[in-house]
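Peer 1: Sequence and predicted structure are below.
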Amino acid sequence: MLRNALEPWHLLLVAIAFIVLFGSKRLPDTARSLGKSLRILKSETRAMREEGTEADRSEGGRPAA
């Protein structure tokens, strides 16, 4: 059904749609803010993962049932 879902011309059409919708002046700002959001998400998930391993260590290293 979705064998040829992402061919190069599909990506080109999506890029053109973004340029038409947001304009070429707002795209760099939008990309920059998206990058910042992804960095924040990555750091928060890393902190949650570390917090979980510390909690496991304090419980004697046994996984929760």
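Peer 2: That came through fine. Numbering: from 1, shown residues only.
Peer 1: Packing partners of the helix or strand Thr53 falls within?
Peer 2: Per DSSP states H and E, Thr53 falls inside helix 27-58. For helix 27-58, the packing partners by 3 or more Cβ pairs under 8 Å, 6 or more residues apart in numbering; DSSP states H and E come out as helix 8-22. Quick note: C-beta positions are derived from backbone N, CA and C, even for glycine.
Peer 1: buried ones in the helix it packs on?
Peer 2: Neighbour counts over helix 8-22 (16 or more other Cβ atoms under 10 Å) mark no residue as buried.
Peer 1: Mind listing residues that contact it?
Peer 2: Helix 8-22 is contacted by residues Leu27, Thr30 when judged by Cβ atoms under 8 Å, 6 or more residues apart in numbering.
Peer 1: what angle sits between that helix and helix 27-58?
Peer 2: Here the directions of helix 8-22 and helix 27-58 differ by 110 degrees (axes from the mean of the first three to the mean of the last three Cα atoms, to 10 degrees).
Peer 1: can I get the CA coordinates of helix 8-22 in PDB?
Peer 2: The C-alpha atoms that make up helix 8-22 are tabulated as PDB, following Å, rounded to 0.1, in the frame of the first residue of the first chain:
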ATOM      1  CA  PRO A   8      12.500  12.300  -3.700                       C
ATOM      2  CA  TRP A   9       9.700  14.200  -5.600                       C
ATOM      3  CA  HIS A  10       7.400  13.800  -2.600                       C
ATOM      4  CA  LEU A  11      10.000  15.500  -0.300                       C
ATOM      5  CA  LEU A  12      10.300  18.200  -2.900                       C
ATOM      6  CA  LEU A  13       6.600  18.800  -2.900                       C
ATOM      7  CA  VAL A  14       6.600  19.000   0.900                       C
ATOM      8  CA  ALA A  15       9.500  21.500   0.900                       C
ATOM      9  CA  ILE A  16       7.600  23.700  -1.600                       C
ATOM     10  CA  ALA A  17       4.500  23.500   0.500                       C
ATOM     11  CA  PHE A  18       6.400  24.700   3.600                       C
ATOM     12  CA  ILE A  19       8.000  27.600   1.700                       C
ATOM     13  CA  VAL A  20       4.600  28.600   0.400                       C
ATOM     14  CA  LEU A  21       2.900  28.300   3.800                       C
ATOM     15  CA  PHE A  22       5.500  29.900   6.000                       C
END
